[in-house]
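okay, sequence plus prediction incoming.
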Amino acid sequence: MKFRDTYIGKIFNGTRSLLTGLGVTLKEFFTKKVTEQYPENRKTLKISDRHRAMLYMPLDENGNNKCIACGLCQSACPNGTITVKTKTVTDEETGKSKKVLLEYTYDLGCCMFCQLCVNACPKDAIAFNNHFENAVFDRSKLVLKLNK
Ligand code: SF4
Ligand code: SF4
């Protein structure tokens, strides 16, 4: 009979197992806590800049969005999440007609955050922010007009 199968051997193994478990507990007791006390820590909570929460339109130095209404983001989106409404106007300087943005609609409720739209944009006119508290009671409130 092996020692571990004897009465004393089983007590020895049980005690060793117990001490191993207590050692893990003791180590975690002194380890730095990583639990986030959300939402109490809302003001100090740091969300990674890389987190893709919601599409928005960054403004240029004059406070205008950079969109040229090309529609590439709409075409690149596999979910039909973006709708770009445009109108054609005549450029006063050149006399040529060009498209301008009327309304940029983004449905957060069906976005899968793949970033294909951002990658397709030739003007860096859209980007993701990391504002993560976007829960609403009505899905229609997730349909957002991004251009002001
Ligand atoms: S992140 Fe993907 S799913 Fe969301 S709007 Fe852009 S292309 Fe569409
Ligand atoms: S956001 Fe970019 S890709 Fe989309 S319509 Fe505007 S300029 Fe084109």
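Okay, I see it. Numbering: from 1, shown residues only. Ligands and ions are numbered 1, 2, ... in the order given.

which element is Thr83 on?
strand 82-90 (DSSP states H and E).

got the CA coordinates for the following helix or strand past that strand in CSV?
As assigned by DSSP H and E, the chain's next helix or strand after strand 82-90 is strand 97-107. The C-alpha coordinates for strand 97-107 follow below in CSV (Å, rounded to 0.1, in the frame of the first residue of the first chain):
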residue,chain,number,x,y,z
SER,A,97,-22.0,71.5,-59.3
LYS,A,98,-21.0,69.5,-56.2
LYS,A,99,-22.7,67.4,-53.6
VAL,A,100,-23.0,68.6,-50.0
LEU,A,101,-24.1,66.8,-46.9
LEU,A,102,-27.7,67.3,-45.8
GLU,A,103,-28.1,64.7,-43.1
TYR,A,104,-25.7,62.0,-41.8
THR,A,105,-27.7,59.3,-40.0
TYR,A,106,-26.1,56.6,-37.9
ASP,A,107,-28.1,53.8,-36.2
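
parallel or antiparallel, which strands does strand 97-107 pair with?
Strand pairing for strand 97-107, determined by DSSP bridges: strand 82-90 (antiparallel), strand 143-145 (antiparallel).

the helix or strand following that strand near ligand 1 anywhere?
Proceeding N to C from strand 97-107, the next assigned helix or strand is helix 116-120, under DSSP H and E. Yes: with CB under 6 Å from any ligand atom as the criterion, ligand 1 is reached by helix 116-120 at 116-117. Backbone N, C-alpha and C define where each C-beta goes, glycine included.
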